[in-house]
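**Student:** here is the input, now give the coordinates:
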Amino acid sequence: MKITTFTAVLFATLALGGTAQAGPADGLIGQPLAVAQTNEFFTWFHLAQTTSQPCGGGQALGFRPDGEQFHRVVAVEVMTDAHGDILTMALMLDRAFVDDSANGVLARDIAKSFLRDVPGSQAGAGVVALADEIEVGMLSSGTVILRSDVSPAKPKGPPSPGYQVFLGSRESYALMIDGEALTLGNEQQEGEAVLRLSLSRDGAAPACAIGKVAD
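**Tutor:** So this is what the prediction gives:
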């Protein structure tokens with residue numbers, strides 16, 4: 001997938017939106033999808049539903065940004081249970097989008113927002129630290145943070161295993177968080193390199209929940 005230059009006009013448009021508020025205290029996992037869609041993770045990034053299909057008694061749904069420029073390089077996949085509550089969320093980013101010297105700042109913005117908004121309130125220090133590592137990369141680029149509450153301090157030591165996956169130098173990493181499983185992986189989908197961040201309640205979800213749902 002090809003991406004275009006992240007123009008000053010787009011930066012200005014996002015900046016006029018103001019600073020986003022903190023994520024939900026209890027995270028998006030476990031919330032009704034209808035409630036989650038009012039959260040700033042969906043509204044700030046203009047995520048619109050693209051498709052849905054039955055899955056394990058619930059639904060598997062795909063979302064993408066409604067703007068043409070980033071519609072094909074960002075996807076969010078959600079699996080709900082029979083009551084409409086979220087069991088699994090995954091963020092898919094085109095690898096070229098993450099690595100792009102200009103557009104990569106937005107990839108970092110949505111990735112660290114996913115890590116801060118989606119996990120439950122008991123998310124461990126490893127998740128917080130990974131979100132901080134991703135955000136610090138935005139600071140080091142000299143670019144204004146688009147969605148942040150407090151700028152984190154620069155992490156000490158070498159990149160964490162999760163951040164190595166984000167950077168593309170490691171294939172995968174998994175972390176258990178109080179009954180929730182966070183996984184990061186560099187994958188191939190239809191010949192395209194993609195970065196996947198996925199959070200599942202109880203560490204598992206039906207196979208139909210994740211795949212090409214967001215197309």
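
**Student:** so residue 178 touches residue 127, yeah?
**Tutor:** No: Residue 178 sits out of contact with residue 127 when judged by Cβ atoms under 8 Å, with a separation of 10.3 Å. For glycine as for every other residue, the C-beta is placed from the backbone atoms N, C-alpha and C.

**Student:** tell me how far residue 55 lies from residue 164.
**Tutor:** Remark: distance between residue 55 and residue 164 (Cβ to Cβ, to the nearest Å) = 31 Å.

**Student:** apologies, that question was intended for residue 170.
**Tutor:** Taking Cβ to Cβ, one finds residue 170 at 4 Å from residue 164.

**Student:** one more: residue 85?
**Tutor:** Taking Cβ to Cβ, one finds residue 85 at 33 Å from residue 164.

**Student:** residue 136 now?
**Tutor:** Counting by Cβ to Cβ - residue 136 and residue 164 are separated by 15 Å.

**Student:** residue 92 and residue 72 touch, don't they?
**Tutor:** No: with contact defined as Cβ under 8 Å, residue 92 does not reach residue 72; the gap is 10.8 Å.

**Student:** which residues of the chain fall in strands?
**Tutor:** For the chain, the strands defined by DSSP state E cover 47-55, 58-65, 74-80, 86-94, 172-177, 180-189, 192-201.

**Student:** Throw those strands into CSV and include distance to residue 103 and mean neighbour count, thanks.
**Tutor:** Putting the strands of the chain into CSV (distance: least, Cβ to Cβ, whole Å; neighbours: other Cβ atoms under 10 Å) gives the following:
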stretch, distance to residue 103, mean neighbour count
strand 47-55, 17, 15
strand 58-65, 12, 22
strand 74-80, 11, 24
strand 86-94, 10, 24
strand 172-177, 24, 16
strand 180-189, 18, 18
strand 192-201, 14, 20
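
**Student:** please name whichever of those is nearest to residue 120.
**Tutor:** strand 180-189 (6.0 Å; Cβ to Cβ).

**Student:** show me what the closest one is packed up against.
**Tutor:** helix 161-167, strand 172-177, strand 192-201 (3 or more Cβ pairs under 8 Å, 6 or more residues apart in numbering; DSSP states H and E).

**Student:** how about the helix ranked longest in the chain as CSV, C-alpha atoms only?
**Tutor:** What stands out as the longest helix in the chain, according to DSSP state H, is helix 125-140. Only the C-alpha atoms of helix 125-140 are listed here, as CSV (Å, rounded to 0.1, in the frame of the first residue of the first chain):
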residue,chain,number,x,y,z
ALA,A,125,4.2,-1.4,33.9
GLY,A,126,5.4,-3.2,30.7
VAL,A,127,2.5,-1.8,28.7
VAL,A,128,2.9,1.7,30.1
ALA,A,129,6.6,1.6,29.4
LEU,A,130,6.0,0.4,25.8
ALA,A,131,3.5,3.2,25.2
ASP,A,132,6.1,5.7,26.6
GLU,A,133,8.9,4.3,24.3
ILE,A,134,6.7,4.8,21.3
GLU,A,135,5.7,8.3,22.3
VAL,A,136,9.3,9.3,23.1
GLY,A,137,10.1,8.4,19.4
MET,A,138,7.6,11.1,18.4
LEU,A,139,9.4,13.6,20.7
SER,A,140,12.9,12.7,19.3
